[in-house]
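**Q** Based on what follows, work out the 3D shape:
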Amino acid sequence: MSVLKTSNIKPTAVYRALPWQELAWRDRTFTIVGSGSAGGGKSRWAAEKMHAYMKRYPGTTGLMARKTYQSMVNSTLLFFKHRVIGAELGKTVQHIESKHRFEYSNGSVLGYGGMLNEEQREAIRGIGLDGGLGIAWMEESTRFIRSDYDELVARMRDSVGDFRQIILTTNPGAPNHWIYQDLIMAGAASVYYSGALDNPYNPPEYIDNLKRLTGILKKRLVDGQWVQAEGVVYDNFMPEDGGNVTEAADYDPAKPIIWGVDDGYAYGQGPGTASYHPRVILFAQESAQGGVHIFDEYFACQELGETSIDNCLARGYGTPEQVYIDSSAAELRGRFWGRGWFTFRRLIL
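**A** I've put the predicted structure just below:
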């Protein structure tokens with residue numbers, strides 16, 4: 001761990017960090033994950049570090065991101081303006097709402113936005129003189145997909161500061177979430193755990209309310225555990241008519257589309273029959289818990305790859321952002337590449 005020096009900084013407000021926040025504040029690791037229970041102080045630490053970085057390195061560029069632009073404006077942005085910038089707003093820091101950014105008197109720029117769809121992604125790509133970033137913060141990061149993080153990794157090239165960093169703050173999600181698997185368990189990030197009971201700034205009634213939680217919410221929001229909510233067997237299954245299960249699609253037109261492709265398996269009466277070696281394409285979107293919702297399926301036998309692709313597009317869900325296809329389907333994979341679509345060889349459900 002290296003240390004963020006604070007010499008030659010003229011303070012304008014005092015931030016009293018908790019012990020774990022002080023360690024995370026000084027950490028220069030490229031990726032930092034702040035996890036743990038609700039109310040542990042993750043967001044305050046991340047916001048304060050973003051603000052300090054802007055002031056410490058004149059002319060640098062930073063980004064605050066949430067999955068949706070609306071959640072950024074209604075939550076993180078309000079908190080940052082009033083709890084972190086505070087009295088500096090309108091003096092040493094100007095909020096340029098029309099450009100979705102804060103401009104500091106030393107030339108630093110801190111942009112903000114969402115990454116829900118291509119329009120929101122495009123809005124944040126132009127932040128900075130050359131699109132490069134020195135520091136980025138992904139708030140409520142279990143809402144993001146891995147490609148969101150990868151896109152920010154590719155933009156961490158601002159050379160003003162002497163270190164670059166991506167901060168992820170989140171309550172725990174499912175243990176198969178990419179943050180837990182690829183960053184925490186793989187040792188690819190510094191990880192700091194926090195708890196509401198260790199934060200003296202929480203009012204007593206907030207702690208009392210947290211203690212009333214039960215089940216999966218208690219394990220995640222109180223105990224700070226990455227535990228599984230899906231995949232359990234329920235004993236109260238009821239059919240669609242008057243029950244609690246429906247065939248209605250879980251499709252959200254605002255979310256990116258994922259295709260999962262299985263280009264054939266042994267089925268039906270054998271070679272030459274209409275039911276043999278079918279192609280299956282699943283339509284999915286990432287869930288808030290880090291898994292996927294499969295909301296539609298395409299099934300065809302003895303059909304050209306181009307025809308299958310066109311038929312799937314005709315369903316009106318739009319072009320997929322990601323395509324997962326089995327490694328043996330070289331011909332069909334080539335069809336996807338011909339359309340400029342990037343493919344992966346594994347989809348973990």
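
**Q** Contacts for stretch 199-211, please.
**A** Stretch 199-211 has contacts (CB atoms under 8 Å, 6 or more residues apart in numbering) with 18, 37-41, 196-197, 221-222. Every C-beta, even on glycine, is put in place using the N, C-alpha and C of the backbone.

**Q** Can you list the buried residues in it?
**A** 199, 202, 210 (16 or more other CB atoms under 10 Å).

**Q** and if you look at stretch 335-343?
**A** 335-336, 341, 343.

**Q** got the contact list for that stretch?
**A** 305-306, 309, 319-320, 322-325, 333.

**Q** tell me the domain boundaries of the protein?
**A** As assigned by automatic domain parsing, the chain contains the domains 19-222, 258-344.

**Q** one step back: name the member of the contacts of stretch 335-343 with the shortest distance to Glu122.
**A** Set against Glu122, the nearest of these by CB to CB is Thr319 (15.0 Å).

**Q** Which parts of the chain are helices?
**A** 19-26, 42-56, 69-71, 77-79, 118-125, 146-153, 178, 204-211, 215-217, 305-313, 330-338 (DSSP state H).

**Q** quick check: mean pLDDT across the last one?
**A** By that I understand helix 330-338. Throughout helix 330-338, pLDDT has a mean value of 82.

**Q** Next: the shortest one.
**A** The average pLDDT within helix 178 is 90.

**Q** hang on, the earlier thing: switch the helices of the chain over to JSON lines; also include distance to Gly62.
**A** Converted to JSON lines, the helices of the chain look like this (distance: least, CB to CB, whole Å):
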{"stretch": "helix 19-26", "distance to Gly62": "15"}
{"stretch": "helix 42-56", "distance to Gly62": "6"}
{"stretch": "helix 69-71", "distance to Gly62": "17"}
{"stretch": "helix 77-79", "distance to Gly62": "14"}
{"stretch": "helix 118-125", "distance to Gly62": "11"}
{"stretch": "helix 146-153", "distance to Gly62": "11"}
{"stretch": "helix 178", "distance to Gly62": "23"}
{"stretch": "helix 204-211", "distance to Gly62": "30"}
{"stretch": "helix 215-217", "distance to Gly62": "32"}
{"stretch": "helix 305-313", "distance to Gly62": "38"}
{"stretch": "helix 330-338", "distance to Gly62": "35"}
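
**Q** circling back: could the buried residues of stretch 199-211 be laid out in a markdown table, adding pLDDT?
**A** Listed next are those as a markdown table, based on pLDDT from 0 to 100:
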| residue | pLDDT |
| --- | --- |
| Asn199 | 82 |
| Asn202 | 82 |
| Leu210 | 80 |
